[in-house]
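**Q** can you look at this prediction? I've put the sequence above it.
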Amino acid sequence: MAATESVSVRRARVPGWVAQLGVFGFLFFLVKGLLWLIVPAVLAGAWL
């Protein structure tokens, strides 16, 4: 039983790390996408 418990503990660490990486990736692309919308809108407003 100890062998299966250590395997499950090992599996539990990787998804948490991958999930954290996924959250940072999501936030990065969210901010990047919002900047792609905001920057041209601000620049267009400066021309008016």
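**A** Looks like it arrived, so ask away. On a predicted model such as this, the values are computed, not experimentally measured, just so you know. Numbers count the residues shown, from 1 in each chain.
**Q** state the mean pLDDT of the helix or strand that contains Leu35.
**A** Assigned by DSSP states H and E, Leu35 falls within helix 2-47. Mean pLDDT, helix 2-47: 82.
**Q** which other helices and strands does it contact?
**A** Contacts defined by 3 or more CB pairs under 8 Å, 6 or more residues apart in numbering; DSSP states H and E place helix 2-47 against no helix or strand at all. For every residue, glycine as well, the C-beta is placed using N, CA and C.
**Q** could you check how many residues crowd around Val23?
**A** Using other CB atoms under 10 Å, Val23 is surrounded by 10 other residues.
**Q** scratch that, Leu43
**A** 9.
**Q** from Leu27, how far out is it?
**A** 24 Å (CB to CB, to the nearest Å).
**Q** what does Gly16 give?
**A** For Gly16 relative to Leu27 (CB to CB), the value is 17 Å.
**Q** likewise for Leu37?
**A** The value you get for Leu37 to Leu27, if CB to CB is used, is 16 Å.
**Q** and what of Pro40?
**A** For Pro40, the distance to Leu27 (CB to CB) stands at 21 Å.
**Q** tally up the residues packed near Phe29, please.
**A** 10.
**Q** oops, could you answer that again for Leu21 instead?
**A** So Leu21, with other CB under 10 Å, has 10 neighbours.
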